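In: Just a sequence and a predicted model for now, questions to come.
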Amino acid sequence: MAYQDPMDALGDRTRRAIFEMLRNGPLAVGEIAGELPVSRPAVSQHLRVLKEAGLVTERRDGTRRIYRVDPDGVGSLRAYFDEFWNEALAAFKEAAEDERRNG
């Protein structure tokens, strides 16, 4: 799989737009394509990448495929940013304390 990393998958503007559309609820490929300036096959390709990255899930409804945000994938993104944020805050606190001691 080319886009196993969610951050890589969201690096594309169209994929981010699709992902953001899906946060409001499940949508079919045609509904997504109707809101974007790209073809339906292109939307399907972008959805495949998002699915490979674990950010969306799909289910069949007759001939349609319905996509929605995968909470587990969003959870892994949140964990990444929480860790990043916690490390940044700890480094800031340490720098502030050093400045106060040496200051």
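Out: Received, thanks.
In: how about low-confidence regions in the chain?
Out: Low-confidence segments of the chain (pLDDT under 70): 1-3, 103.
In: Try it again at 50.
Out: Scanning the chain for pLDDT under 50 picks out 1.
In: For the lengthiest helix in the chain, which helices and strands make contact with it?
Out: Using DSSP state H, we find that the single longest helix of the chain is helix 71-102. Applying 3 or more CB pairs under 8 Å, 6 or more residues apart in numbering; DSSP states H and E, one finds that helix 71-102 makes contact with helix 6-9. Yep, even glycine has a C-beta here, placed from its N, CA and C like the rest.
In: What residues of the helix it packs on count as buried?
Out: For helix 6-9, a neighbour-count test (16 or more other CB atoms under 10 Å) marks 6, 9 as buried.
In: next one: stretch 66-79
Out: Neighbour counts using 16+ other CB under 10 Å place 66-67, 69-70, 73-74, 76 of stretch 66-79 among the buried residues.
In: likewise stretch 33-45?
Out: For stretch 33-45, burial by neighbour count (16+ other CB under 10 Å) applies to 33, 43.
In: hmm, who's touching that stretch?
Out: Outside stretch 33-45, the residues within contact range by CB atoms under 8 Å, 6 or more residues apart in numbering are 14, 17-18, 21, 29-30, 32, 46.
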